[in-house]
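Student: Make a model of this:
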Amino acid sequence: MEEELLHVLAVDDNLIDRKLVERILKISSCKVTTAENGLKALEYLGLGDSQQSNVMKVNLIITDYCMPGMTGFELLKKVKQESSNLKEVPVVILSSENIPTRITKCLASGAQMFMQKPLKLSDVEKIKCDLLNCGS
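Tutor: Model prediction:
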């Protein structure tokens, strides 16, 4: 019997990117919930204004860095600073630009990993491996 599926919240304002991430995660047998922006993601996580919470079972958040309204970095900071239940949830930031200062800033603020877009199946395997500590 397989261990429980990893439940991933995928956040991206670009529909095509979001669908791609969702498809790759599903191929990699993850359960996926998508959100089209940081505010929707926070709402889903129970940090929005509506206070309905699905914290129960998100094992990982994968978010785009550049999004209108709230960047992936701002989402990361909210998750890490404003919720004791969520700060343990790993956040992976995706970006189409490879900007070292941005990468450093995200990792310093608690991101698990920073990855180049487009996300590839090998990236997801790497993330899963990292989460499940299969290297150690």
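Student: What segments of this structure are helices?
Tutor: 15-27, 38-45, 72-82, 100-108, 121-131 (DSSP state H).
Student: hey, which of these is tucked in deepest?
Tutor: helix 38-45 (a mean of 22; mean count of other Cβ atoms under 10 Å). Just so you know, the C-beta spots here come from the backbone N, C-alpha and C atoms, and that holds for glycine as well.
Student: Tell me which other helices or strands that helix touches.
Tutor: Applying 3 or more Cβ pairs under 8 Å, 6 or more residues apart in numbering; DSSP states H and E, one finds that helix 38-45 makes contact with strand 7-11, strand 31-35, strand 60-64, helix 72-82.
Student: thinking again about what came up before, possible to save the helices of the chain as a markdown table with mean pLDDT?
Tutor: Below are the helices of the chain laid out as a markdown table (pLDDT from 0 to 100):
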| stretch | mean pLDDT |
| --- | --- |
| helix 15-27 | 97 |
| helix 38-45 | 93 |
| helix 72-82 | 95 |
| helix 100-108 | 97 |
| helix 121-131 | 92 |
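Student: Using a markdown table, please lay out those helices together with distance to Glu88.
Tutor: Formatted as a markdown table, the helices of the chain follow (distance: least, Cβ to Cβ, whole Å):
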| stretch | distance to Glu88 |
| --- | --- |
| helix 15-27 | 20 |
| helix 38-45 | 13 |
| helix 72-82 | 10 |
| helix 100-108 | 17 |
| helix 121-131 | 11 |
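Student: For Leu9, find the nearest of those helices.
Tutor: Nearest of those to Leu9, taken as Cβ to Cβ: helix 38-45 at 6.1 Å.
Student: how far off strand 31-35 does the closest one point, in degrees?
Tutor: Taking axes from the mean of the first three to the mean of the last three Cα atoms, to 10 degrees, one finds helix 38-45 and strand 31-35 inclined to each other by 130 degrees.
Student: Asn37 against Met70, yeah?
Tutor: Yes - between Asn37 and Met70 there is a contact under Cβ atoms under 8 Å: 6.5 Å.
Student: circling back: using TSV, please lay out the helices and strands packed on helix 38-45 together with distance to Arg102.
Tutor: Listed next are those as TSV, based on distance: least, Cβ to Cβ, whole Å:
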stretch	distance to Arg102
strand 7-11	17
strand 31-35	21
strand 60-64	12
helix 72-82	8
